[in-house]
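Peer 1: Here is a sequence together with a model predicted from it:
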Amino acid sequence: EKALNLLAAYDKNGTLSARYNISYVVTSGLHKLYWSPGKTIKPYSWAWPFMDIIAYEKSKTGFSNIDRTKGHRFKAQVDWIYPLHMRPFGPVWVPAPRDPWKMMGVTYKNGMKEFLCREPAWDHMHETNRKSVERTCKDLHNDYRFVYREPKSDGGLIETLKLGDETLYSVEYDEPFYQDVNPYKWKMVF
């Protein structure tokens with residue numbers, strides 16, 4: 001809650017936008033960070049790209065998210081979240097769960113278990129429903145950034161973001177590596 005209050009204060013005094021080109025909004029109990037220069041998603045007040053921020057409550061066994069919409073209620077073990085890792089969002093690095101794949105598994109437990117290059121029925125860029133269309137992921141690698149993950153010999157993994165054959169960055173993470181994760185198709189392990 002302290003972090004959300006800090007985000008709100010930095011957004012209100014203009015620091016987020018002036019320093020990082022990022023803005024913050026709370027809508028229907030959901031917290032979002034978005035790219036300030038991005039195209040506004042009508043009729044909403046935020047822009048693309050954006051990310052949702054999920055608040056948690058700690059219990060004796062782990063964490064459960066505070067979901068006022070009750071659409072994505074889940075529980076998570078402490079070691080799925082901590083220690084937090086820093087991941088890029090525009091020009092800044094933001095804290096993210098230690099094991100993002102397990103977190104996605106519990107977040108989307110009632111939804112998709114296999115992620116393909118498919119335009120989903122929900123269009124996050126425009127926040128509307130649409131017809132789902134599948135694409136060949138490899139054919140899109142020159143137009144979209146893809147994350148490549150490979151195990152390190154001493155544990156953990158190396159995550160590399162590429163656009164086509166150009167490496168944009170590589171980061172080492174102390175988190176589990178899953179075999180069914182590749183840049184063009186991956187499956188949830190749950």
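Peer 2: Right, received. Where do you want to start?

Peer 1: residues contacting Tyr82?
Peer 2: By CB atoms under 8 Å, 6 or more residues apart in numbering, Tyr82 lies in contact with Arg98. For every residue, glycine as well, the C-beta is placed using N, CA and C.

Peer 1: Tell me the confidence at it?
Peer 2: For Tyr82, the pLDDT comes out at 88.

Peer 1: mind checking how far it is from Lys185?
Peer 2: Distance, Tyr82 to Lys185, by CB to CB, to the nearest Å: 29 Å.

Peer 1: tell me the secondary structure for the most centrally placed residue in the chain?
Peer 2: With distances taken as CA atoms, centre = their mean, the residue of the chain nearest its centroid is Met51 (6.2 Å). Classification of Met51 into helix, strand or coil gives strand, according to DSSP: H, G, I helix; E, B strand; the rest coil.

Peer 1: Let me know the secondary structure of the nearest residue to it once chain neighbours are set aside.
Peer 2: The spatially closest residue to Met51, leaving aside those adjacent along the chain, is Leu33, at 5.4 Å (CB to CB, 6 or more residues apart in numbering). Recorded secondary structure, Leu33: strand (three-state DSSP).

Peer 1: count of residues packed around Leu33?
Peer 2: 23 (other CB atoms under 10 Å).

Peer 1: How about the contacts made by it?
Peer 2: Contacts of Leu33 (CB under 8 Å, 6+ apart): 7, 22-24, 50-51, 53, 89, 94.

Peer 1: Now the buried members of those residues.
Peer 2: Neighbour-count burial (16 or more other CB atoms under 10 Å) applied to those gives 7, 22-24, 50-51, 53, 89.

Peer 1: which stretches of the protein have low pLDDT?
Peer 2: The chain contains residues with pLDDT under 70 at 1, 67-72, 108-116, 118-120, 186-190.
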